[in-house]
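[1] Below is the sequence, then the predicted model.
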Amino acid sequence: PRRGAHPRPGHVPQAAHPRRRAKPRGRGGPHGGRGNGHGDPGGGPRPGRRPGGGPSRAEVIERLERDGLLPAITFIFSRAGCTAAVGQLLAWGTRLIPEDEGERIRRHVEERVSSLADEDLAVIGYWDFVEGLTRGFAAHHAGMLPTFREIVEELFTAGRIRAVFATETLALGINMPARTVVIERLVKYNGETHADITPAEYTQLTGRAGRRGIDVEGHAVVLFGRGLDPEAVGGLASTRTYPLRSSFRPTYNMAVNLVSQVGRETAREILETSFAQFQADRSVVGMAAAVRRNEEALEGYAEAMSCHLGDFREYAALRNQIRDLEKAAAKQRSASRRAETTLSLERMHPGDVFKVPTGRRAGYVVVLAGNRGGKREAASPTVLTSDGQVRRITAHDVSAPVEPVTTIAIPKHFNARNARSRRDLAATLRVKVPHDPPPKKSSGQDEQREDREVARLRREMRAHPCHACPEREDHARWAERWWRLRRETDGLQRKVAGRTNSVARTFDRICDLLVDLDYLGAGGESVTRQGEHLRRLYTEKDLLAAECLRHGIWQRLDAAGLAAVVSMLVYEPRRDDTDLAPRLPTDDVHEAYDAMVRLWSGLEDREQEHVLPPTGAPDAGMAWMIHRWASGRALDEVLRDSDMAAGDFVRRCKQVVDLLGQIAEAAPQPALSATARRAMDAVMRGVVAADRLD
């Protein structure tokens with residue numbers, strides 16, 4: 001379908017049979033293997049068959065070629081899927097361009113990568129990459145070497161290759177139009193879960209279709225699969241308005257630079273006019289209208305609850321105070337009892353006998369193993385019941401604190417998995433406690449004694465004139481509605497106040513923290529010597545980097561060690577795979593890492609005090625690799641024990657080099673500046689140096 005119209009799901013139908021040909025075009029797969037002469041390389045199932053049903057990737061490209069819909073971009077929301085697609089077309093024997101053009105492309109690519117060492121080419125996937133290009137197709141994703149991505153972009157834009165399998169990064173900021181865009185699935189992983197793509201994302205992807213000045217229309221193809229709803233696809237294609245959300249937030253570096261250039265007050269005024277603040281203010285318009293409506297309703301409720309004997313609102317306030325105090329006292333008693341119950345379970349030791357008073361586990365039990373619990377786990381001792389069952393007892397199983405009534409010696413070779421051992425110990429338990437001991441006396445004075453404040457309020461309530469009103473309960477019902485709406489309105493007003501000028505208030509809190517840490521002068525109106533160092537650090541963890549410079553924790557490091565610790569400020573794992581015991585290359589790096597963690601912990605406490613978003617912790621996930629690389633090791637050795645793609649490694653190396661350059665400029669110690677420059681040279685070599693900065 002034309003871009004902008006409703007696409008037909010399954011626009012590329014499944015072929016009943018592959019084309020029959022004497023032999024696959026070209027040299028078959030990535031290793032030059034031959035097919036079986038029937039369009040099925042090497043026999044077996046067709047490569048690229050999608051798990052959700054529908055045509056294989058090779059069949060899709062063949063159909064697009066036959067219908068004149070190439071060049072095409074196929075969006076696959078997976079790096080591995082993009083790479084696999086190239087391998088599947090190679091195995092299928094697909095060729096989309098003449099062989100002589102393929103050879104010209106091969107020579108062009110060889111010239112572009114001539115500076116790379118031969119041993120690095122296999123590590124970065126060069127051979128499959130160039131083989132696919134010579135046949136007219138390629139992958140494009142962030143895990144590839146930036147040079148490889150540039151080659152793909154240049155060749156595709158020039159029309160020299162006909163098909164690209166890309167992640168959504170190709171749809172952002174790159175002018176690579178195609179005649180057709182193919183979307184394999186309408187679900188992608190967003191970093192937390194698999195979610196449907198939004199109408200804005202769909203439009204961004206399909207916007208690649210339609211080459212200006214060449215094609216009068218673009219085609220968007222959504223491949224059919226199990227669970228695909230055609231109406232949902234139509235809804236994606238027809239939506240034309242999308243919400244715009246600001247991600248702007250003030251940073252420490254921004255704060256010191258603004259104060260240095262225009263002063264704190266002017267900087268605050270500038271932030272108050274930002275789009276982020278406009279959005280925050282606009283979001284309270286509805287709440288402000290609700291506040292006005294509630295205020296009108298409150299006036300009506302106040303009139304309905306009026307009493308001829310006195311101020312009923314005052315009387316209702318006394319009733320509400322009494323109720324709130326009684327609820328708070330009940331919650332306090334309940335929380336105190338739960339805490340005492342948990343503490344009593346923590347004190348249990350093997351051999352202690354206590355009683356579970358109620359529930360399906362009621363009866364006497366003997367403790368087999370204690371368990372004091374932890375941050376996310378409550379105390380839960382393992383016990384044996386009188387009928388020989390092994391159970392875990394938690395505070396939910398006992399309604400009050402428990403105490404040992406006696407102790408039983410557990411046999412030295414007792415085995416809880418042995419039924420006979422359990423029966424013998426259960427029999428001993430039954431003999432040891434044949435009857436319930438007399439209950440302990442409890443004065444219960446705290447429970448029976450009425451709180452003095454509540455008693456005073458009750459006296460005031462009974463003495464109030466409205467207490468004698470014959471219509472008191474009718475008035476009370478209107479008063480209850482008034483108080484409920486008053487609490488709701490107060491909550492809305494707090495939200496309105498919290499969002500109004502929120503960006504400027506965040507800036508104020510940042511400035512207050514920077515004053516406390518001596519990066520800004522008194523009142524936050526000037527930048528100190530320490531603040532001048534912070535001004536030169538442009539990184540997500542800018543304040544942590546400035547604190548590291550300030551405390552001189554990198555002074556003893558050599559060039560490779562400094563590159564390793566700087567990587568801790570730029571590396572972020574793709575998923576929640578942070579190593580709690582990171583592998584560190586040297587003692588000096590380990591010492592610096594520990595010092596950085598201590599600084600970060602103190603900084604996080606300060607940020608919490610000032611109600612600021614916390615700075616991320618230093619992550620040593622690639623410190624070992626960066627140290628190896630900066631020490632002159634080969635790329636295959638550096639990546640051998642890691643699942644990091646070569647392109648990701650190169651990109652991270654460039655980020656490390658960029659931050660090292662900032663440190664060289666900002667460091668107050670000349671020796672550290674010199675070390676940072678040596679570290680830059682050590683990292684900027686091989687595939688990193690051969691690839692120009694994006």
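    All right, it came through fine. Numbering: from 1, shown residues only.
[2] Show the subsequent helix or strand relative to the helix or strand of the chain with the lowest mean pLDDT.
    Of all helical and strand segments in the chain, the minimum by mean pLDDT, DSSP states H and E falls on helix 445-448, at a mean of 47. Note on helix 445-448: by DSSP states H and E, the next helix or strand toward the C-terminus is helix 452-463.
[3] Counting by contacts, list what that following helix packs against.
    Counting contacts by 3 or more Cβ pairs under 8 Å, 6 or more residues apart in numbering; DSSP states H and E, helix 452-463 is packed against helix 312-346. For every residue, glycine as well, the C-beta is placed using N, CA and C.
[4] Flag every buried residue along the helix it packs on.
    Of all the residues in helix 312-346, those buried under the rule 16 or more other Cβ atoms under 10 Å are 312-313, 315-316, 318-320, 322, 338, 341-342, 344-345.
[5] Give me the domain ranges for the chain.
    57-238, 347-437, 536-690 (automatic domain parsing).
[6] could you show me where the strands are in this protein, in order?
    72-75, 137-140, 163-166, 180-183, 187-189, 194-196, 219-222, 352-356, 363-369, 382-385, 390-392, 406-407 (DSSP state E).
[7] Work out the sheet partners of the second one and label each with its direction, please.
    The reference is to strand 137-140. Strand pairing for strand 137-140, determined by DSSP bridges: strand 163-166 (parallel).
[8] And the contacts of the strand it pairs with?
    Applying Cβ atoms under 8 Å, 6 or more residues apart in numbering, the contact partners of strand 163-166 are 57, 61, 64, 70-76, 81-82, 85-86, 89, 96, 136-141, 152, 156, 170, 176, 178.
[9] Kindly report the same for stretch 127-134.
    Applying Cβ under 8 Å, 6+ apart, the contact partners of stretch 127-134 are 30, 83, 86-87, 89-90, 97, 99, 102-103, 105-106, 109-110, 121, 138-139, 144, 148, 151-152, 155, 161.
[10] List only buried entries from those residues.
    Buried subset of the contacts of stretch 127-134 (neighbour count, 16+ other Cβ under 10 Å): 30, 83, 86-87, 89-90, 97, 102, 105, 109, 121, 138-139, 144, 148, 151-152, 155, 161.
[11] P585 and M625 touch, don't they?
    No: look at P585 against M625 with Cβ atoms under 8 Å: they stay out of range, at 9.5 Å.
[12] who's more crowded, those two?
    The neighbour comparison of P585 against M625 (other Cβ atoms under 10 Å) goes to M625, with 25 against 19.
[13] The more buried one against D648, yeah?
    No: applying Cβ under 8 Å, one finds M625 not in contact with D648, separated by 10.6 Å.
[14] before we move on, back to that, please convert the domains of the chain to a markdown table, extending it with mean pLDDT.
    Below are the domains of the chain laid out as a markdown table (pLDDT from 0 to 100):
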| stretch | mean pLDDT |
| --- | --- |
| domain 57-238 | 81 |
| domain 347-437 | 80 |
| domain 536-690 | 87 |
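[15] got CSV for those domains, with distance to M305 too?
    Below are the domains of the chain laid out as CSV (distance: least, Cβ to Cβ, whole Å):
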stretch, distance to M305
domain 57-238, 48
domain 347-437, 40
domain 536-690, 39
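[16] nearest to N257, of these?
    Nearest to N257 among the domains of the chain is domain 536-690; the distance by Cβ to Cβ comes to 9.6 Å.
[17] so how far is the closest one off the chain centroid?
    21 Å (Cα atoms, centre = their mean, to the nearest Å).
[18] what does stretch 110-128 give?
    A distance of 35 Å separates the centroid of the chain from that of stretch 110-128, by Cα atoms, centre = their mean.
[19] May I see the buried residues of that stretch?
    For stretch 110-128, burial by neighbour count (16+ other Cβ under 10 Å) applies to V113, L116, D120, L121, V123, I124, G125, Y126, D128.
[20] Quick check: of the residues you listed, which lies closest to V367?
    With Cβ to Cβ as the yardstick, the closest approach to V367 among the buried residues of stretch 110-128 comes from V123, at 57.6 Å.
[21] dump the residue contacts of that closest one.
    Each residue near V123 by Cβ under 8 Å, 6+ apart is listed here: L635, D636, L639, A646.
[22] State the pair within those that is farthest apart.
    Within those, two members stand farthest from each other by Cβ to Cβ: D636 and A646, at 9.6 Å.
[23] between these two, who's got more neighbours?
    A646 (21 against 13).
[24] distance of the more buried one from A178?
    Per Cβ to Cβ, to the nearest Å, A646 is found 26 Å from A178.
[25] any idea how far V565 lies from L318?
    The value you get for V565 to L318, if Cβ to Cβ is used, is 63 Å.
[26] swap in V503?
    For V503 relative to L318 (Cβ to Cβ), the value is 42 Å.
[27] for F156, same thing?
    F156 is 77 Å from L318, by Cβ to Cβ.
[28] One more: T266?
    51 Å.
[29] and what of A138?
    Separation of A138 from L318 (Cβ to Cβ): 78 Å.
[30] do E201 as well
    Relative to L318, E201 is positioned 57 Å away (Cβ to Cβ).
[31] Equivalent analysis for S399, please.
    Distance of S399 to L318, computed by Cβ to Cβ: 34 Å.
[32] Show me which of the contacts of strand 163-166 are buried.
    In these, burial by neighbour count holds for 57, 61, 64, 70-76, 81-82, 85-86, 89, 96, 136-141, 152, 156, 170, 176, 178, counting by 16+ other Cβ under 10 Å.
[33] that older thread, just the contacts of stretch 127-134: which are in helices?
    Using DSSP state H, the members of these that fall in helices are 83, 86-87, 89-90, 99, 102-103, 105-106, 109-110, 121, 148, 151-152, 155.
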